[in-house]
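Chemist: this is the structure alone, sequence omitted:
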C-alpha cells in the first residue's frame, strides 16, 4: 500500500514560496494551495476606483493604512488576499514585512465570474471566523455593493447599494461612496 502524505501546509510555509507565477494568484485554504486566474479588466477598474475613494478619505483623516491584494494570515492554515484591505491606525502593528499578520478591519472582495461562490460563501465564513470586523462584496456584473459588520461573531447586513447609488458603509460611516464611479461603463457620475 502506498503512503499518502496528508500534511497541511502552514501559513508560514506558504509565505516562504515567494511571489506568484505569472498569470495566477495563489492563496492557502485550509492548508492547501488554491490557484485562481488573474483578474479581468472590469475587476481591476472597480478596485482602482474604490482605492482612490477610500485612500483619499483615509489619508485626509489619518485613519490608518489601505492595501491591495496582500497575503493576509487568517489562521495557521489559511492565507487569503483580499482585493482591498484596511487597517485602522491602532491596528497597523499587524502589517508585517511579508504579509498581514492578522485580520484587517475591512476586507473587500470584488467578484469575478470565477469567484462568486468563493467570495460569497468561503471567504465570507473565513473572514467571519478570523474576526474581520467589516466585509464588503462588490459585484461589477450586478453593479452592486453589499456590506456586513461582525456583531458577536456573526456577520450582520450593514448596507447595500446598486447602480449609481451613493452608499455609506462602516467603518467609514461619514464617507459617501458613489457606486456609479466604480463601474467601467459609467465613471462620470
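Modeler: Thanks, I have the structure now. Model, not experiment: these values are computed from the prediction. Numbering: from 1, shown residues only.

Chemist: how about residue 114, what does it touch?
Modeler: Each residue near residue 114 by Cβ atoms under 8 Å, 6 or more residues apart in numbering is listed here: 36-37. Every C-beta, even on glycine, is put in place using the N, C-alpha and C of the backbone.

Chemist: confirm it sits in a strand?
Modeler: No: when the secondary structure is assigned by DSSP: H, G, I helix; E, B strand; the rest coil, residue 114 falls in coil instead of a strand.

Chemist: can you tell me which residue is spatially central in the chain?
Modeler: With distances taken as Cα atoms, centre = their mean, the chain has residue 82 as the residue nearest its mean C-alpha position (2.5 Å).

Chemist: buried ones in the longest helix that the chain contains, by neighbour count?
Modeler: Selection of the longest helix in the chain by residue count, based on DSSP state H, yields helix 41-60. Residues 42-47, 49-51, 53-54, 57-58 are the ones in helix 41-60 that count as buried (16 or more other Cβ atoms under 10 Å).

Chemist: next, the angle from the following helix or strand past it to helix 41-60.
Modeler: Tracing the chain past helix 41-60, the next element assigned as helix or strand by DSSP states H and E is strand 64-68. Strand 64-68 runs at 170 degrees relative to helix 41-60, counting by axes from the mean of the first three to the mean of the last three Cα atoms, to 10 degrees.

Chemist: how many residues are close by residue 78?
Modeler: Under the neighbour criterion other Cβ atoms under 10 Å, residue 78 is assigned a count of 23.

Chemist: ramachandran coordinates for it?
Modeler: Geometry field for residue 78 lists phi and psi as phi -130, psi 120, criterion degrees, to the nearest 10.

Chemist: that one against residue 125, yeah?
Modeler: No: in terms of Cβ atoms under 8 Å, residue 78 does not count as a neighbour of residue 125; the distance is 10.6 Å.

Chemist: and for the residue lying closest to residue 75 once chain neighbours are set aside, the neighbour number?
Modeler: Closest residue to residue 75 in three dimensions, ignoring its sequence neighbours and counting by Cβ to Cβ, 6 or more residues apart in numbering: residue 130, at 6.2 Å. The burial metric for residue 130, expressed as a neighbour count using other Cβ under 10 Å, is 19.
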